[in-house]
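Colleague: I would like to see how this sequence folds:
(2 chains)
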Amino acid sequence: AQSVAQPEDQVNVAEGNPLTVKCTYSVSGNPYLFWYVQYPNRGLQFLLKYITGDNLVKGSYGFEAEFNKSQTSFHLKKPSALVSDSALYFCAVRPGSQGNLIFGKGTKLSVKP
Amino acid sequence: KAGVTQTPRYLIKTRGQQVTLSCSPISGHRSVSWYQQTPGQGLQFLFEYFSETQRNKGNFPGRFSGRQFSNSRSEMNVSTLELGDSALYLCASKNTGARDEKLFFGSGTQLSVL
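Modeller: Sure thing, here's the model as predicted:
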């Protein structure tokens, strides 16, 4: 079965420190990979995507993600966390074949001052 | 451009009733997808419509149905509501059917079934 896993329900980081939110996937073909962020009482907002090419993808608000094909991972990173980054982060994968977007269960990021 | 608009924002129903949720996509967008979000299951795909045709459907019972109108607005209907249908229902739109295109989400309709 095709799936996306976000192994951490919550990640706690101090402001100014680097952050990583993990994502691994299991899908057929060459997947399209996405990260979305959800702030309280809001819908999801697009952060970045990987389609092909350079394994390091840069996105909105200083976030970046690293695609690792051998480890089937697509971890979200930011060099210096802000309190305003506190939100729910979702990894999503669209399989190489036709199909809908499959979301992970989300990781709550908490950045403390 | 206005964003994706979902109405109503909040809804309270009782078991056995039916409900209709509405979604107006970004102007010019022809694809509309619906997702159910719950704390335990995350986001679950319901269905996608493109130019009034259902293109994909998730693993939900037949009580969940949808449609898309010629102006790309979409409605989702849930009949014979169950307690487990309580969730945030999110609508998302995009311009084309391209697989690499990002989704634009509405703020959702919070449905509570009592």
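
Colleague: How about the residue nearest the centre of chain B: what's its closest non-neighbour residue?
Modeller: The central residue of chain B, meaning the one whose C-alpha is nearest the mean C-alpha position (C-alpha atoms, centre = their mean), is residue B:34 at 3.1 Å. Distance criterion C-beta to C-beta, 6 or more residues apart in numbering or on different chains; nearest residue to residue B:34, sequence neighbours excluded, is residue B:46 at 4.1 Å. All C-beta spots, glycine's among them, are computed from the backbone N, C-alpha and C.

Colleague: What parts of chain B come near chain A?
Modeller: B:4, B:33, B:35, B:41-43, B:45, B:48, B:56, B:58, B:90, B:92, B:99-100, B:102-108 (C-beta under 8 Å from any C-beta of the partner chain).

Colleague: Among the residues you listed, name the ones in strands.
Modeller: B:33, B:35, B:42-43, B:45, B:48, B:56, B:90, B:92, B:104-105 (DSSP state E).

Colleague: Just say helix, strand or coil for residue A:61.
Modeller: Using DSSP: H, G, I helix; E, B strand; the rest coil, the three-state assignment for residue A:61 comes out as helix.

Colleague: residues near it, how many?
Modeller: Residue A:61 has 12 neighbouring residues, counting by other C-beta atoms under 10 Å in any protein chain shown.

Colleague: quick one: contacts for residue 100?
Modeller: If you meant another chain, say so; for now it's chain A. The contact partners of residue A:100, by C-beta atoms under 8 Å, 6 or more residues apart in numbering or on different chains, come to A:94, B:33, B:45, B:48, B:56, B:58.

Colleague: sorry, should have said chain B
Modeller: Residue B:100 touches A:32, A:49, A:51, A:94, counting by C-beta under 8 Å, 6+ apart.

Colleague: hmm, try it at 10 Å
Modeller: A:32-34, A:49-52, A:94 (C-beta atoms under 10 Å, 6 or more residues apart in numbering or on different chains).

Colleague: Touching, residue A:6 and residue A:21? I think so.
Modeller: Yes. Residue A:6 is within contact range of residue A:21, at 7.3 Å (criterion: C-beta atoms under 10 Å).

Colleague: Looking only at neighbour counts, state which of those two leads.
Modeller: Counted by other C-beta under 10 Å, residue A:6 and residue A:21 do not tie: residue A:21 has more neighbours, with 25 against 20.

Colleague: tell me the phi and psi of the more buried one?
Modeller: Backbone geometry at residue A:21, expressed as degrees, to the nearest 10, gives phi -120, psi 120.

Colleague: On the secondary structure side, give me the element for residue A:90.
Modeller: strand A:87-94 (DSSP states H and E).

Colleague: Past that strand, which element shows up next along the chain?
Modeller: strand A:102-103.

Colleague: Pull up the pairing partners for that following strand, direction included.
Modeller: Sheet pairing for strand A:102-103, assigned by DSSP bridges, gives strand A:87-94 (antiparallel).

Colleague: CA atoms only for the strand it pairs with, dumped as PDB, please.
Modeller: C-alpha atoms of strand A:87-94 as PDB (Å, rounded to 0.1, in the frame of the first residue of the first chain):
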ATOM      1  CA  ALA A  87       2.100  25.100  13.400                       C
ATOM      2  CA  LEU A  88       1.100  21.700  12.100                       C
ATOM      3  CA  TYR A  89       3.200  20.500   9.200                       C
ATOM      4  CA  PHE A  90       2.100  17.900   6.600                       C
ATOM      5  CA  CYS A  91       4.100  15.900   4.200                       C
ATOM      6  CA  ALA A  92       2.300  14.800   1.100                       C
ATOM      7  CA  VAL A  93       3.100  12.500  -1.800                       C
ATOM      8  CA  ARG A  94       1.500  12.100  -5.200                       C
END
